[in-house]
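[1] One predicted model, sequence on top.
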Amino acid sequence: MREDFSDGQIAAFDTVLTENSVETPPFSRKFRQKVGFLFQNSDAQLFCPTVGEELSFGPLQLRLSEAAVERRVSDTLRLFGIEHLKERSPQTLSGGEKKRVALASIITCSPKVILLDEPSAGLDPRTQQWLTEFLFALKKSGVTLICTSHDLSFVAEVFDRVLIVSEEHTLLYDGPTKEALHDLDLLLSVNLIHSHEHFRDGKIHVHPHLHEAWHEHGHGERRKV
């Protein structure tokens, strides 16, 4: 995918994306086959009676054979370690399980691009670590990940490039993640980190405060503390 901020257009697979283009065959089918979307709220994404049917829905819309759908569902359930949830209703699952099922339902369609809306929001630490590792593996396999997130530690672990937008929806930065996370003034200006004040030695001291504090060590590497 490519973007052209100068004229406000976004193109995917050599086609400019408009309301009409994503709804008009044959591009609409090609787009839905190659692009998956992970909602921030899994409850808004999961609607089938069982987990198995949830994973089957996408491949069936792509008109795959029944045997091919069964194989994809079986393989994906095993990949995500959720075979035991196949006959469960998604609405009875925990938040972490719902996130796994929602992402699994996208993977069954073998997308080339996945759009993610605040994917780490509200997850317990174990599920967040699993999600980070899984998305990193997807990226290494060649899948393009496009994500909106306020979670700087999550972004730092998964993404090489970031775009930072102001609260007025103006693009302020487009470049390497590492450089963006070093620019504390920029992060403060867009409310991605906050500062705190304390009084010491007769003076007021102001320090930036990261949501997940990062400290430099070694040769430019980062570790969470």
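    That came through fine.

[2] helix, strand or coil for Leu172?
    strand (DSSP: H, G, I helix; E, B strand; the rest coil).

[3] hey, where'd the strands end up in this structure?
    2-4, 9-12, 15-16, 35-38, 113-117, 144-148, 161-165, 171-176, 194-200, 203-209, 214-217, 221-224 (DSSP state E).

[4] buried set for the fourth one?
    In terms of neighbour count (16 or more other Cβ atoms under 10 Å), strand 35-38 has its buried residues at Val35, Gly36, Leu38. In short, each C-beta sits where N, CA and C put it, glycine included.

[5] Which strands or helices does it pack on?
    Packing partners of strand 35-38 (3 or more Cβ pairs under 8 Å, 6 or more residues apart in numbering; DSSP states H and E): helix 95-107, strand 113-117.

[6] ok, and what's touching that strand?
    12, 45, 58, 102-103, 106-107, 109, 111-117, 119 (Cβ atoms under 8 Å, 6 or more residues apart in numbering).

[7] Now for those residues: which two are most distant?
    Farthest pair in the contacts of strand 35-38 (Cβ to Cβ) is Ala12 and Ala102. Separation: 21.9 Å.

[8] Would you mind putting the buried residues of strand 35-38 into JSON lines with distance to Arg161 alongside?
    Compiled in JSON lines, the buried residues of strand 35-38 are given as follows (distance: Cβ to Cβ, whole Å):
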{"residue": "Val35", "distance to Arg161": "19"}
{"residue": "Gly36", "distance to Arg161": "20"}
{"residue": "Leu38", "distance to Arg161": "19"}
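
[9] Including distance to Glu179 and pLDDT, could these go into TSV?
    Shown next, in TSV, are these (distance: Cβ to Cβ, whole Å; pLDDT from 0 to 100):
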residue	distance to Glu179	pLDDT
Val35	28	95
Gly36	29	96
Leu38	27	97
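
[10] Can I have the buried ones of the contacts of strand 35-38 as a PyMOL selection?
    Restricted to buried positions by 16+ other Cβ under 10 Å, the PyMOL selection for the contacts of strand 35-38 reads:
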select buried, resi 12+45+58+102+103+106+107+109+111+113+114+115+116+117+119
